[in-house]
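A.B. asks: got a predicted structure plus its sequence, pasted below:
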Amino acid sequence: MTRLEELSDAVEATLETILPGAEAAEALEFGGDRLVSSMRYSLETPGKRLRPLLLLTAAEAVGADATRLLRFAASVEMVHAYSLIHDDLPAMDDDDMRRGLATNHVVYGDGMAILAGDGLLTEAVVVMLEPVVDPALQMEVVREVARAAGFEGMVGGQAADLLAEGELPDESLLRSIHSRKTGALIRASVDAGARLGGASAGERDALAAFADRYGIAFQIADDVKDEVAPLSVTGKNQGGDREAGKMTYPALFGVDGSRERCRAELDAAFSALAPFGDRVDPLVELARDSVAPAFAAAAEEC
Ligand code: IPE
Ligand code: IPE
Ligand code: MG
Ligand code: MG
Ligand code: MG
């Protein structure tokens, strides 16, 4: 088993225990069990667990044993899971498939889906504040994650994404949307791993430089997959971005032009990791795997 596989299993096991189980949920007051079931539905459906794994592999790249950061890492996945539930709502992207299953609102209804998102986000804060490192440092990291998730980061990017629907694509706006709606939480996950793992200033800067470029590459790859990869590969409906008139890389540069740009961002991202040696291998493997389906579809087309 590779280190990445070990960490991935550990994240999965942590996620399973982070919310009340079915029995404990039944003991909650009226409404609680339905809400928790909806929260669990979106947290436990199989995802890549990219953000917690970025956090953990970044921490290990700077020499920490990431095991004690598992719950903090899982809390970042809770923030992500909330963002997906809301992203799929009829008032947002109106998607009915996610991770190969019906989206949360399709199963639980819009109201419960909104509340499940709210519940995951707020519970994430509770978990994030469990003491793991020096409290002053941890407070700074929690604040950074919250800011990345908020109006200056992900939520702001999501607002821009909605407002840009149907508008003529513009490269600098597109980059700004991607950097906020997706890049911000990726960046914060990597930096949280670095800081909680005790990175030096130089290590932290190098990882931040990686995360900046990788975050963009990841969303370009997501855009490409939306255009070319079927539901059986992504677990999401194909072609939704085009249908909604989303401002995406393929809309501006085509699929091949987007792949080129994705590759360029990745190359820049990985070159920032040169100083780390092989301690950074699991992080690199994770990042590579995460964009591979956008290129695998290219091989099949040939
Ligand atoms: C999807 O994120 C939403 C984006 C920010 C592109 P992921 O591709 O990480 O989704 P899961 O968690 O693996 O389902
Ligand atoms: C979503 O971007 C970014 C989020 C913050 C959730 P997308 O709308 O492209 O993500 P998918 O394709 O639905 O997963
Ligand atoms: Mg969206
Ligand atoms: Mg979407
Ligand atoms: Mg997408």
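C.D. replies: Great, that's in hand. Ligands and ions are numbered 1, 2, ... in the order given.
A.B. asks: now do the helices in the stretch 201-302 of the chain.
C.D. replies: Assigned by DSSP state H, counting those that start in this stretch, the stretch 201-302 of the chain shows helices spanning 201-228, 231-234, 240-244, 249-271, 281-301.
A.B. asks: gap between Gly243 and ligand 4?
C.D. replies: Not quite, residue 243 is Glu, not Gly. Taking Cβ to the ion, to the nearest Å as the measure, Glu243 falls 12 Å from ligand 4. The C-beta positions use only the backbone N, C-alpha and C, and glycine is treated the same way.
A.B. asks: quick check, Pro131 in a strand?
C.D. replies: No: looking at Pro131 with DSSP: H, G, I helix; E, B strand; the rest coil, it is coil, so not inside a strand.
A.B. asks: what is the burial count for it?
C.D. replies: Here the number of neighbours of Pro131 (other Cβ atoms under 10 Å) works out to 7.
A.B. asks: pLDDT score assigned to it?
C.D. replies: Per-residue pLDDT puts Pro131 at 98.
A.B. asks: do the one 5 residues further on as well
C.D. replies: In this prediction, Ala136 carries a pLDDT score of 98.
A.B. asks: also the one 5 residues further on?
C.D. replies: Val141 carries a pLDDT value of 98.
A.B. asks: can you give me how far the strand or helix carrying it is from the chain middle?
C.D. replies: Element membership for Val141 (DSSP states H and E) is helix 135-149. Distance of helix 135-149 from its chain centroid, counting by Cα atoms, centre = their mean, to the nearest Å, is 17 Å.
A.B. asks: that one and ligand 1 in contact?
C.D. replies: No: Helix 135-149 does not reach ligand 1 (Cβ under 6 Å from any ligand atom); its nearest approach is 12.0 Å.
A.B. asks: do the helix or strand that that helix is followed by and ligand 1 meet?
C.D. replies: Counting by DSSP H and E, the next helix or strand C-terminal to helix 135-149 is helix 154-163. No: if you take Cβ under 6 Å from any ligand atom as the test, helix 154-163 misses ligand 1, and the best it gets is 8.4 Å.
A.B. asks: and Leu101, its phi and psi?
C.D. replies: Backbone dihedrals for Leu101, given as degrees, to the nearest 10, come out at phi -130, psi 170.
A.B. asks: what's the pLDDT at the nearest residue in space to it that is not next to it in sequence?
C.D. replies: In this structure, Leu101 finds its nearest non-sequential neighbour in Thr45, 5.6 Å apart by Cβ to Cβ, 6 or more residues apart in numbering. Looking at Thr45, its pLDDT stands at 94.
A.B. asks: run a quick neighbour tally on Thr45.
C.D. replies: 17.
A.B. asks: ok, it touching Arg98?
C.D. replies: Yes: in this structure Thr45 lies within contact range of Arg98 using Cβ atoms under 8 Å: 7.3 Å.
A.B. asks: who touches the host helix or strand of Arg175?
C.D. replies: Arg175 belongs to helix 171-178 when assigned by DSSP H and E. For helix 171-178, the surrounding residues in contact (Cβ atoms under 8 Å, 6 or more residues apart in numbering) are 157, 160-161, 164, 215-216, 219-220, 247-249, 252.
A.B. asks: could you redo the last one with a cut-off of 6 Å?
C.D. replies: The contact list for helix 171-178 (Cβ atoms under 6 Å, 6 or more residues apart in numbering) reads 157, 160-161, 216, 219, 247.
A.B. asks: which is the next helix or strand following that helix?
C.D. replies: Sequence order places helix 184-196 as the next helix or strand after helix 171-178, per DSSP H and E.
A.B. asks: confirm for me that Ser42 is in contact with His86.
C.D. replies: No: assessed by Cβ atoms under 6 Å, Ser42 is found out of contact with His86, at 10.2 Å.
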